[in-house]
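[1] Sequence unavailable; structure follows:
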């Protein structure tokens with residue numbers, strides 16, 4: 001009989017939107033966990049295109065204020081913006097945010113070095129970001145830390161690069177707020193297996 005422990009662990013990873021600051025693990029240990037999850041995530045040709053900035057406390061708050069200000073320009077209606085602001089504040093309520101980037105300089109270097117596969121490296125970099133995201137998210141969930149995956153890029157890219165003094169080659173791909181789980185995720189629906197899978201024996 002197959003070991004399904006990992007599947008049970010995967011089930012713990014959900015989008016948690018009710019975040020809080022009730023995390024007892026020292027921030028340095030949380031940061032080390034995140035770094036390890038990225039380090040062990042696979043990338044094409046082991047080219048390690050993923051970059052991350054781990055923001056805690058006021059640095060994370062600063063990020064979500066950048067998002068709020070950018071969206072204020074995009075959502076002029078006050079009632080609609082109030083809902084948007086409440087959503088942003090829910091991300092801000094956690095203990096931190098992980099900014100995930102692709103280093104385009106590495107992508108371009110591999111495109112030049114491996115011309116036969118040049119058209120694939122951008123797609124492979126996206127897969128690398130996905131691998132890193134799920135591994136980080138899973139590692140946090142295993143330690144009872146909630147998270148969700150957000151995408152306010154490219155709207156905030158320029159402000160983020162300037163605010164956090166980042167290399168121009170780093171392109172923002174996702175933002176992952178995290179913190180204590182203050183309310184569980186909702187029910188999750190699944191497609192019927194016959195609509196999703198085909199097994200040939």
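    Arrived safely, thanks for sending. All values reported here derive from a predicted model rather than from experimental measurement. Numbers count the residues shown, from 1 in each chain.

[2] All the strands of this protein, in order from the start?
    Shown for the chain, the strands assigned by DSSP state E span residues 19-20, 50-56, 96-103, 145-147, 170-181.

[3] Need the winner for burial among those.
    strand 145-147 (a mean of 26; mean count of other C-beta atoms under 10 Å). No exception for glycine: its C-beta is placed from N, CA and C like everyone else's.

[4] So what's the model's average confidence on that one?
    For strand 145-147, mean pLDDT is 98.

[5] which non-adjacent residue is nearest the most centrally placed residue in the chain?
    Against the mean C-alpha coordinate of the chain, by C-alpha atoms, centre = their mean, the closest residue is residue 176 at 3.9 Å. Distance criterion C-beta to C-beta, 6 or more residues apart in numbering; nearest residue to residue 176, sequence neighbours excluded, is residue 98 at 4.3 Å.

[6] Now do the one you found against residue 135, distance only.
    Separation of residue 98 from residue 135 (C-beta to C-beta, to the nearest Å) stands at 12 Å.

[7] same deal with residue 70?
    Counting by C-beta to C-beta - residue 70 and residue 135 are separated by 28 Å.

[8] With residue 29 instead?
    17 Å.

[9] Among these two, which residue is more densely surrounded?
    Each of residue 29 and residue 135 has its neighbours counted (other C-beta atoms under 10 Å); residue 135 has more, 18 against 10.

[10] what sits against the more buried one?
    By C-beta atoms under 8 Å, 6 or more residues apart in numbering, the contact list for residue 135 reads 37, 38, 40, 41.

[11] which parts of the biggest helix by length in the chain are buried?
    Taking DSSP state H as the criterion, the chain has its longest helix at helix 121-142. For helix 121-142, a neighbour-count test (16 or more other C-beta atoms under 10 Å) marks 121, 124-125, 128-133, 135-141 as buried.

[12] For residue 146, which non-adjacent residue is closest in space?
    residue 16 (2.9 Å).

[13] Now do the contacts for the one you found.
    146, 147, 148, 181, 183, 184, 185.

[14] which residue sits closest to the fifth one, ignoring its sequence neighbours?
    Distances taken as C-beta to C-beta, 6+ apart put residue 18 closest to residue 183, at 3.6 Å, once the chain neighbours are dropped.
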